[in-house]
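> here is my input; please provide its structure:
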Amino acid sequence: MALEAGVMSVTMEFGKDLKDGDWFGKQDPYCIIRIGGQTFRTRTAVDGGRNPVWNETFRFNVINENNVDVEIKDEDVGKDDLIGTCTFSLAKARESGSDRIQAPVVSKKSRKQRGFLSIALSWEPNKALKSNDNAAAAHAPHHQQQHYQHPPPMAYAAAPPPAYYAAPPAPAYYAAPPPAAAYYPAAAYPPAPMAAYPPGAYPPQPYPGAVPPGHR
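Next comes the predicted model:
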């Protein structure tokens, strides 16, 4: 019987009696947890020594994976040292909904057990993860229909702009100022009276005044 897909919550609680490779002070352990292609890292338990405490929970999407691989490392200034590794199964948690494990930590060099990790597992089935590809195919047509329905409104939205661009004939009002300039030259009529000044040569009429000699 195939197991359901879902989300596995992995709580890294603490380590007990781990190998301590530091000669001075206490080591600073942390864990790297891997399920399939997903990887998480705990915080560093500073001065955790042989009995570090983390109490951190990580959530993994699980479909076909059934095993968890953990590396326990000591954080150093230079290269981090490998304290040990452990592997445990998710099968019981996927079947019953939860599990608590004391996973043996094996030293890389001696291949002997050097302490253990206390780990709590909690399982939440999620069928959506299992049929991910089928669901995507089923929803694809609906998404396409929604996209096709949106373009028509866009055509109506494009219509208003031309109406606004038709308004620019208003600049014809700016052409009105030229007539004003035409009236302004009309103001030049004042110089006409200046030309009429010559006719005002009435002063020369003194000639008629010469008639008196005729009377003589």
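> excluding sequence neighbours, find me the nearest residue to Q38.
Leaving out its chain neighbours, the residue that sits closest to Q38 by C-beta to C-beta, 6 or more residues apart in numbering is F60, at 5.2 Å. Where you see a C-beta, it was placed from the backbone N, CA and C, and this is true even at glycine.
> check which helix or strand that neighbour maps to.
strand 53-62 (DSSP states H and E).
> residues making contact with that strand?
Contact with strand 53-62 is made by 5-15, 30-31, 33, 35-36, 38, 40, 42-43, 45, 90, 94, 126, 129, as judged by C-beta atoms under 8 Å, 6 or more residues apart in numbering.
> burial count for the residue nearest to Q38?
19 (other C-beta atoms under 10 Å).
> so what's the closest residue in space to D22 that isn't next to it in sequence bridging to?
With sequence-adjacent residues excluded and distances taken as C-beta to C-beta, 6+ apart, D22 is closest to D74, at 6.9 Å. For D74, the beta-bridge partners under DSSP bridges are P29, D81.
> got the buried residues for the longest strand seen in the chain?
The longest strand of the chain (DSSP state E) is strand 113-125. For strand 113-125, the neighbour count (16 or more other C-beta atoms under 10 Å) marks R114, G115, F116, L117, S118, I119, A120, L121, W123 as buried.
> and the angle for it with strand 53-62?
Interaxial angle, strand 113-125 versus strand 53-62 (axes from the mean of the first three to the mean of the last three C-alpha atoms, to 10 degrees): 50 degrees.
> what residues does the next helix or strand after strand 113-125 touch?
Counting by DSSP H and E, the element after strand 113-125 in chain order, helix or strand, is helix 127-130. Helix 127-130 is contacted from outside by E4, A5, G6, V7, N61, V62, I63, A135, using C-beta under 8 Å, 6+ apart.
> and the fourth one, what element?
Taking DSSP H and E as the criterion, V7 maps to strand 6-16.
> equivalent analysis for the first one, please.
Element membership of E4 [criterion: DSSP H and E] is none; it lies in no helix or strand.
> for the nearest residue to it once chain neighbours are set aside, name its beta-bridge partners.
Spatially, and ignoring its direct neighbours in sequence, E4 is nearest to P125 (4.4 Å; C-beta to C-beta, 6+ apart). Taking DSSP bridges as the rule, P125 bridges to G6.
> flag every buried residue along the strand holding F60.
By neighbour count on 16+ other C-beta under 10 Å, the buried set for strand 53-62 is W54, E56, F58, F60, V62.
> can you add distance to G21 and pLDDT and give these back as CSV?
Below are the buried residues of strand 53-62 laid out as CSV (distance: C-beta to C-beta, whole Å; pLDDT from 0 to 100):
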residue, distance to G21, pLDDT
W54, 19, 98
E56, 23, 98
F58, 26, 98
F60, 29, 98
V62, 33, 96
